[in-house]
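K.L.:
Sequence unavailable; structure follows:
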Ligand SMILES: NC(=O)C1=CN([C@@H]2O[C@H](COP(=O)(O)OP(=O)(O)OC[C@H]3O[C@@H](n4cnc5c(N)ncnc54)[C@H](O)[C@@H]3O)[C@@H](O)[C@H]2O)C=CC1
């Protein structure tokens with residue numbers, strides 16, 4: 001199953017967690033003993049505790065936290081602009097500790113967890129800068145009259161997160177929300193309840209007023225409660241399409257705006273004139289980060305016929321070199337999937353794919369990694385979101401053909417193209433039905449660039465300047481400089 005011997009070598013990293021108020025360490029991993037709900041600037045046990053849930057360490061199956069779900073909730077708006085830059089500084093200082101918590105609770109490699117923490121503090125830094133430059137318009141009207149617009153907060157925003165990027169999702173939702181003057185109640189996935197608490201404590205330490213960022217633990221029932229709460233002005237959700245539909249339905253009843261960051265089955269198109277080395281690296285980046293549990297992964301890899309064999313051979317060679325194992329080890333690049341039911345689900349897709357495709361390396365018992373070559377568009381592994389380390393390779397002849405096949409999906413989160421022909425690159429991305437398109441790279445996420453989906457992958461955006469519009473509302477002020485011209 002998993003390299004226990006390697007774990008002993010990790011104790012210095014693990015020990016460095018001990019001074020943290022979060023965790024008391026046990027044999028090479030941690031257990032959380034304090035309450036995991038956060039309200040009014042402190043950890044609390046919910047008054048209406050409705051039973052307990054457990055969170056596990058994916059690599060070992062150990063229980064790392066037992067926590068209570070919360071239902072009753074009330075948050076007061078403070079109207080204060082928090083010091084996000086100080087929060088950014090604290091996250092950078094505590095990067096190793098936060099990354100280790102993320103690695104233990106999620107299973108992603110420590111190497112990758114650190115990258116997630118980087119994109120988290122970068123987000124706080126970015127919106128700290130934007131907060132000061134938020135401005136409305138001044139519009140001249142006849143007769144010296146004029147109008148102006150103000151960007152105002154929405155109120156209490158709810159953030160609901162998935163388990164694959166727990167700290168990053170909490171940061172990407174809360175930083176723009178707080179920068180716009182809102183309060184946020186954040187509900188992490190019950191699989192990964194721990195690191196959002198670290199963010200809450202960091203905000204408090206940074207001087208964010210108590211009550212501006214709160215964490216509520218629980219599953220679907222808690223999420224529903226938050227979406228239906230009459231004090232909630234907006235819901236920002238990251239998760240699956242079926243849950244996204246429910247969130248939208250609930251929000252519609254209260255006429256609440258929603259941001260939906262949902263699933264995907266994104267195409268990655270490799271033309272024969274590509275830089276092969278970069279294209280292979282791009283395909284690995286597009287499929288194997290966080291054990292393939294990434295919404296925008298380019299899992300349908302379309303390769304132009306002339307280079308199909310060479311490309312497949314290189315992909316196989318390089319996937320075989322990926323270091324799989326204990327996610328806390330520095331050289332590990334792929335850890336375990338989030339839990340056993342998810343592993344079984346992914347293996348189910350692999351089993352079906354094996355009947356129709358030539359399949360590459362696969363390992364079972366907590367870790368798997370594979371590719372399926374010679375796939376067809378109608379295969380289940382090509383049509384459905386697997387959310388695991390499974391790359392499907394398909395061949396194509398012409399640009400027109402591949403565009404039609406790439407767009408033949410109800411999802412539209414991301415897409416990628418590798419080619420040396422700059423005109424073709426831009427022509428192709430203009431035709432791709434996806435919210436984020438990569439040219440000659442894949443799965444990089446600079447915080448300056450908006451991220452979000454087309455079609456059933458959702459709407460609204462995270463990151464970038466535009467996200468300010470999703471966490472604020474526009475007030476128009478009309479100013480009369482003359483007399484009132486009455487119709488009566
Ligand atoms: N577009 C994006 O930015 C991202 C999308 N995802 C998508 O998320 C999915 C995997 O994440 P999961 O956590 O399994 O998704 P999920 O939809 O099962 O759960 C997501 C969150 O919603 C909550 N929830 C579940 N039912 C609810 C309900 N009825 N009302 C309110 N809240 C509810 C869960 O407790 C969790 O916090 C994949 O489809 C993936 O593609 C994941 C990461 C990023």
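P.N.:
On my side now, so go ahead. These figures come from a predicted structure and were not determined experimentally. Numbers count the residues shown, from 1 in each chain.
K.L.:
does residue 184 count as helix, strand or coil?
P.N.:
Using DSSP: H, G, I helix; E, B strand; the rest coil, the structure places residue 184 in strand.
K.L.:
Which pLDDT does the model give it?
P.N.:
Looking at residue 184, its pLDDT reads 97.
K.L.:
Surely it is in contact with residue 159?
P.N.:
Yes - between residue 184 and residue 159 there is a contact under Cβ atoms under 8 Å: 5.6 Å. No exception for glycine: its C-beta is placed from N, CA and C like everyone else's.
K.L.:
any shared contact partners between these two?
P.N.:
By Cβ atoms under 8 Å, 6 or more residues apart in numbering, residue 184 and residue 159 have these common neighbours: 173, 174, 177.
K.L.:
which one of those has the most neighbours?
P.N.:
Per-residue neighbour counts (other Cβ atoms under 10 Å) across these peak at residue 174, which has 35 neighbours.
K.L.:
What sits closest to that one if chain neighbours are left out?
P.N.:
Nearest residue to residue 174, sequence neighbours excluded (Cβ to Cβ, 6 or more residues apart in numbering): residue 184, at 4.9 Å.
K.L.:
Could I get the contacting residues of the one you found?
P.N.:
Residue 184 is in contact with 156, 157, 158, 159, 173, 174, 177, 178, 212, 213, 214, counting by Cβ under 8 Å, 6+ apart.
K.L.:
residue boundaries of the strands in the stretch 301-450 of the chain?
P.N.:
Secondary structure of the stretch 301-450 of the chain (DSSP state E, counting those that start in this stretch): strands located at 358-359, 370-373, 390-396, 411-412, 414-418, 436-439.
K.L.:
Please identify the deepest-packed of those.
P.N.:
Counting by mean count of other Cβ atoms under 10 Å, strand 414-418 has the highest mean neighbour count of these, with a mean of 30.
K.L.:
still on that earlier bit, right, and the strands of the stretch 301-450 of the chain - which one's nearest residue 95?
P.N.:
strand 436-439 (25.7 Å; Cβ to Cβ).
K.L.:
elements contacting that closest one?
P.N.:
Contacts defined by 3 or more Cβ pairs under 8 Å, 6 or more residues apart in numbering; DSSP states H and E place strand 436-439 against strand 414-418, helix 422-431.
K.L.:
Repeat the analysis, applying 10 Å as the threshold.
P.N.:
The helices and strands touching strand 436-439, judged by 3 or more Cβ pairs under 10 Å, 6 or more residues apart in numbering; DSSP states H and E, are helix 276-288, strand 414-418, helix 422-431.
K.L.:
Redo those as JSON lines? Include distance to residue 92 and mean pLDDT.
P.N.:
Listed next are these as JSON lines, based on distance: least, Cβ to Cβ, whole Å; pLDDT from 0 to 100:
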{"stretch": "helix 276-288", "distance to residue 92": "24", "mean pLDDT": "97"}
{"stretch": "strand 414-418", "distance to residue 92": "28", "mean pLDDT": "98"}
{"stretch": "helix 422-431", "distance to residue 92": "34", "mean pLDDT": "98"}
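K.L.:
tell me the most buried of the ones you listed?
P.N.:
Among those, strand 414-418 has the highest mean neighbour count (mean count of other Cβ under 10 Å), at a mean of 30.
K.L.:
Work out the sheet partners of it and label each with its direction, please.
P.N.:
strand 267-270 (parallel), strand 436-439 (parallel) (DSSP bridges).
K.L.:
Residue 250 versus the residue in the chain that the ligand sits nearest to, what's the distance?
P.N.:
When scored by Cβ to the nearest ligand atom, the chain has residue 223 as its residue closest to the ligand, at 2.2 Å. Per Cβ to Cβ, to the nearest Å, residue 223 is found 9 Å from residue 250.
K.L.:
Quick check: neighbours shared by those two?
P.N.:
Here residue 223 and residue 250 have residue 235 as joint contacts, going by Cβ atoms under 10 Å, 6 or more residues apart in numbering.
K.L.:
Tell me which of those two has more neighbours.
P.N.:
Counted by other Cβ under 10 Å, residue 223 and residue 250 do not tie: residue 223 has more neighbours, with 24 against 18.
K.L.:
before we move on, back to that, mind putting the strands paired with strand 414-418 into CSV with mean pLDDT and distance to the ligand?
P.N.:
Compiled in CSV, the strands paired with strand 414-418 are given as follows (pLDDT from 0 to 100; distance: least, Cβ to the nearest ligand atom, whole Å):
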stretch, mean pLDDT, distance to the ligand
strand 267-270, 98, 15
strand 436-439, 98, 10
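K.L.:
Could you name the stretch from those that's closest to residue 193?
P.N.:
strand 436-439 (28.4 Å).
K.L.:
For that closest one, which outside residues touch it?
P.N.:
Taking Cβ under 10 Å, 6+ apart as the rule, strand 436-439 contacts 264, 266-268, 282, 285-286, 296, 298, 412-419, 422, 424-426, 428-431, 443-445, 449-454, 457, 461.
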